[in-house]
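Asker: here you go, sequence then predicted model.
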Amino acid sequence: MSTLVIVESPTKARTIRNYLPKGYHVTASMGHIRDLPSSADEIPKDQKGESWSNLGVNVENNFAPLYIVPKKKKKVVTELKQALKEADELILATDEDREGESISWHLLEVLKPKVPIKRMVFHEITQEAIQAALGNCREIDFNLVHAQETRRILDRLVGYTLSPLLWRKIAKGLSAGRVQSVSVRLLVQRERERQAFQSAQYWDLKAQLQQKRSKFEAKLITLNGKKLAIGSDFDADTGKLKKGKKVVLLSQEEAIALKARLNAEEWIVSKTEEKPSTRRPSPPFTTSTLQQESSRKLSISARDTMRTAQKLYEEGYITYMRTDSVHLSDQAIAAARNCVEQKYGKDYLSPKVRQYKTSSKGAQEAHEAIRPAGSSFRTPQETGLSGRELKLYELIWKRTVACQMADARLTQLAVTLKVDDAEFRSSGKRIDFPGFFRAYVEGSDDPDAALENQEVVLPDLKEGDRPTCKTLEEIEHNTKPPARFTEASLVKALESKGIGRPSTYATIMGTIVDRGYVQIRDKALIPTFTAFAVTSLLEEHFPDLVDADFTSNMEQTLDEIATGKAQWLPYLSDFYLGDKGLNTTVKDREGNIDPAVAKAIAMENLSVKVKIGRFGPYIESGEGDDTVTASLPADLTPADLDPAQIETILKQKTEGPEELGKHPETDLPIYLLVGSYGPYVQLGEATEDKKKPKRASLPKTVKPEDVTLEIAVQLLSLPRLLGEHPETTKPVKVGLGRFGPYVVHDQGKEGKDYRSLKKEDDLFTISFERAMELLAQPKRGRGRGKTKTPLKELGKHPADNEPVNVYEGPYGIYVNHLKTNAGLPEGETVETITLEKALELIDEKAGSKGTKKKKTTTKKTTTAKKKTTTAKKKTTTTRKKTTKGTADSPE
């Protein structure tokens, strides 16, 4: 008897194959084999004329979805059908969540098997788990299928209904999404709070004291019996003390005077306190908390965390990575406790077994927390993993083991010191027993917060002791606006509000960045001008769709559909076609939306208007014939724009660029300008003979106001020749590019070999010898620490005998041939990709690049004509950037 087992990916297929009896053939569907049409080209000819066809959902006939098998999946379907012909039984072993249930249902609908069918589910890929699942197969759960299908249809209706409206009212290429738009609104609301925030200044004193040979620090807390003002005493909207606060607010002058008065006084310990406390370990990971901690501790994005976790699961290292539950099975608890006893000893084992209860809003469809797979946990060193996979596995292993460890016991220390009419306090912490701290300490979203396992030692002080004051200084404090969201804190906020599902957060984070709604700087998520414009329009005309409670209730309904407590069809009908439904509201409201108003962004304390145009944000000053417009740099956000920048940009547009002086060699003027990609210097003016004068961007460390003629001349000298490479006699140069300063070995047709400069290297003074040192170092991918050594060598391209290799880049695994890169399709891995498949991907990508080049050429020609016309009018133009996006959103 032959049994066909279908899973989603080749990696999962390869792992599960090891645990199945003979006669079982395992193959992969490469994810979903059918979906709603992603473009007009995919809509069947007989459906194209229908009024609903652009949605891919027949809203006139019970919201019947129009499913199609994408072109790239037709070969997979053919192979699956062929495999099924040789089978006596079919087992669908896709993931155990809604998405996995849906994939199995689609497989049934397309393959139409005539043999017995079973549905097998498991949450870890181990011998024991697979054997148990094989003996407990079930049928497809249609409640889960309906819940996933309803979610998919909702996302399509929201995306394909609102996005075209945004194109018409604001700009082409924008998108809206059910969870995406709410997430963006949270970021915009936080930025508005920061803009409205009024900072307050207050002062206090800090003393450096010494008792015998031990030094410690103390801060002023009271003066003449009254508490000293701290940050929480101030109103964020006014910058003044909150009403009713009876505290002492010191100015700088008062702080200096108080310091002078206290310097001559004697310090006496008036009180000592010791308070015992305990810390309990955090629960094991859910999808959300794994993403948060991975971001905090490993600086890995939510998207990359899930990609790595998926691989670890499919290779049998961890349990299923999409879960809301913090529950651990008895088997897992026993494994964790065994690890504690073996690695740390019995003293570090929790006296009682710890079980955790899920507290997140809307937790559902979960079996167990994310943990190492199996009945005994492999230590990180025993796995043979490396790189990102090892780091993430180690994080999961430590968190799981720590949850069964003993509490940490601490003593909080406080010493109060009296000096004249002032009181100072020194605080410390002693760890009496580290407990679970030995294995794991949870990270913090506050980079300034001290970790719990860090002791703060104080000398042994008693009441009446008289320590010596070594120094006393006045300290300035300024209240801070609310912190911007990071990926970790946004995921935490979405989960706490019940918006979306943890399994979708990684996609949402990627989407809002990819579509130009957010910029990431030092982990902070900063909303763009486009985010402000879109959020304002949705808030005014479609408030429910960006309301957190409304979206949370939608999630709750989807959960009820999954358990059979709610019917999917009536819900969809009411959401889209009801009196207050989406389609009805859009038809009623669209005529009331003035594009001129929708494009404008309200910015307080600015004398100009900020608008969204065809090529991005721009500022508008004046009225009527005196109106002046100027594009804003692409990387500028509302948080960056201030009156000084506006003045510079408008002055450049109306009066021409600022001249820094004459170049000492050419006598041409050097200008300081601001363009679409930020500030830069330019040698001479654009003319008919020389339409593109030499330009050089400013390094990120140099502000426009600090640029001198000398600096400008140095920048314009780049790239600068340092010498000839001794092996090739080809030039070695230093230059400044998009990703910062670099050295390059320019080998002409053989290519260019780049290395980034280190922090200690100076762009203008680096020597040839230092450049050679850098070039001798292994090449690394940007920001990833990955060597450019191929992950796999597939062979030679038959057309030119050049190598075809597999690499890992910022956006995942890809195949490369010469200058053509092609990402691996869903389900394909480094292990499964073959030369034949790679050649197909490369040929397909090369064909699409040829089409794009033709379009780009046309755009460049048009742009050049525009620049020439503008030059004749003696006005300065800047390059424009179009925000790209699609209407459909996964949320």
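Answerer: Looks like it arrived, so ask away. Residues are numbered from 1 along each chain as shown.
Asker: any stretches of the chain with poor pLDDT?
Answerer: For the chain, the stretches with pLDDT under 70 are 359-366, 443-453, 779-789, 810-812, 826-827, 831, 847-891.
Asker: now residue 792. Nearest residue, chain neighbours left out?
Answerer: Nearest residue to residue 792 in three dimensions, chain neighbours excluded: residue 806, at 4.1 Å (Cβ to Cβ, 6 or more residues apart in numbering). For glycine as for every other residue, the C-beta is placed from the backbone atoms N, C-alpha and C.
Asker: which other helices and strands contact the helix or strand hosting the one you found?
Answerer: Taking DSSP states H and E as the criterion, residue 806 maps to strand 803-809. Contacts defined by 3 or more Cβ pairs under 8 Å, 6 or more residues apart in numbering; DSSP states H and E place strand 803-809 against strand 792-796, strand 812-817, helix 835-872.
Asker: in it, what's buried?
Answerer: By 16 or more other Cβ atoms under 10 Å, the buried positions in strand 803-809 come out as 804, 805, 806, 807, 808.
Asker: what of stretch 717-734?
Answerer: Buried residues in stretch 717-734, defined by neighbour count with 16+ other Cβ under 10 Å: 717, 718, 719, 722, 725, 731, 732, 733, 734.
Asker: and the end-to-end length of that stretch?
Answerer: 10 Å (Cα to Cα, to the nearest Å).
Asker: dump the residue contacts of residue 375.
Answerer: By Cβ atoms under 8 Å, 6 or more residues apart in numbering, residue 375 lies in contact with 126, 128, 331, 334, 335.
Asker: what segments of the stretch 201-350 of the chain are strands?
Answerer: Applying DSSP state E, counting those that start in this stretch to the stretch 201-350 of the chain gives strands spanning 201-211, 214-223, 226-227, 268-279.
Asker: that older thread, which ones among the buried residues of stretch 717-734 map onto strands?
Answerer: 722, 731, 732, 733, 734 (DSSP state E).
Asker: between which two of those is the distance greatest?
Answerer: Farthest apart among these by Cβ to Cβ are 731 and 734. That separation is 10.7 Å.
Asker: burial check on the closest residue to residue 268 other than its chain neighbours, number of neighbours?
Answerer: Leaving aside its chain neighbours, residue 268 sits nearest to residue 418 (5.1 Å; criterion: Cβ to Cβ, 6+ apart). Neighbour count of residue 418, defined by other Cβ atoms under 10 Å: 16.
Asker: tilt between the helix or strand where residue 418 lies and strand 201-211?
Answerer: If you go by DSSP H and E, residue 418 is part of strand 408-419. Orientation of strand 408-419 against strand 201-211 (axes from the mean of the first three to the mean of the last three Cα atoms, to 10 degrees) gives an angle of 100 degrees.
Asker: helices or strands next to strand 408-419 in the packing?
Answerer: So strand 408-419, by 3+ Cβ pairs under 8 Å, 6+ apart, packs with strand 214-223, strand 268-279, strand 422-433.
Asker: of these, which is nearest residue 407?
Answerer: Evaluated over the helices and strands packed on strand 408-419, closeness to residue 407 peaks at strand 268-279, with 4.5 Å, by Cβ to Cβ.
Asker: show me what that closest one pairs with in its sheet, parallel or antiparallel.
Answerer: When pairs are called by DSSP bridges, strand 268-279 turns out to pair with strand 408-419 (antiparallel).
Asker: flag every buried residue along the strand it pairs with.
Answerer: Buried, per 16+ other Cβ under 10 Å, within strand 408-419: 408, 410, 413, 415, 416, 417, 418, 419.
Asker: stretch 592-606 too?
Answerer: Buried residues in stretch 592-606, counted by 16+ other Cβ under 10 Å: 593, 598, 599, 600, 601, 603, 606.
Asker: same question for stretch 678-695.
Answerer: Applying 16+ other Cβ under 10 Å to stretch 678-695 flags 679, 680, 681, 682, 683, 686, 694 as buried.
Asker: output those in JSON lines; the columns should cover distance to residue 72 and secondary structure.
Answerer: Formatted as JSON lines, the buried residues of stretch 678-695 follow (distance: Cβ to Cβ, whole Å; DSSP: H, G, I helix; E, B strand; the rest coil):
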{"residue": "679", "distance to residue 72": "44", "secondary structure": "strand"}
{"residue": "680", "distance to residue 72": "42", "secondary structure": "strand"}
{"residue": "681", "distance to residue 72": "47", "secondary structure": "strand"}
{"residue": "682", "distance to residue 72": "46", "secondary structure": "strand"}
{"residue": "683", "distance to residue 72": "49", "secondary structure": "strand"}
{"residue": "686", "distance to residue 72": "45", "secondary structure": "coil"}
{"residue": "694", "distance to residue 72": "45", "secondary structure": "coil"}
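Asker: could the residues you listed go into TSV alongside distance to residue 555?
Answerer: Output for these, formatted as TSV (distance: Cβ to Cβ, whole Å):
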residue	distance to residue 555
679	45
680	47
681	52
682	53
683	57
686	55
694	56
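Asker: between those, which is nearest residue 542?
Answerer: residue 679 (38.2 Å).
Asker: quick check: the closest one touching residue 673?
Answerer: Yes: between residue 679 and residue 673 there is a contact under Cβ atoms under 8 Å: 7.0 Å.
Asker: shared neighbours of these two, which are they?
Answerer: Counting by Cβ under 8 Å, 6+ apart, nothing touches both residue 679 and residue 673.
Asker: tell me which element the closest residue to residue 763 other than its chain neighbours falls in.
Answerer: Distances taken as Cβ to Cβ, 6+ apart put residue 741 closest to residue 763, at 4.5 Å, once the chain neighbours are dropped. Per DSSP H and E: residue 741 is located in strand 740-746.
Asker: buried residues of the following helix or strand past that strand, list them for me.
Answerer: Once strand 740-746 ends, the next helix or strand along the chain (criterion: DSSP H and E) is strand 752-756. When burial is assessed from 16+ other Cβ under 10 Å, strand 752-756 yields the following buried residues: 753, 754, 755.
Asker: go on, stretch 665-676?
Answerer: Quick answer for stretch 665-676 (16+ other Cβ under 10 Å): 670, 671, 672, 673, 674, 675, 676.
Asker: repeat for stretch 193-203
Answerer: 194, 200, 202, 203.
Asker: looking at those residues, which is nearest residue 219?
Answerer: residue 203 (11.6 Å).
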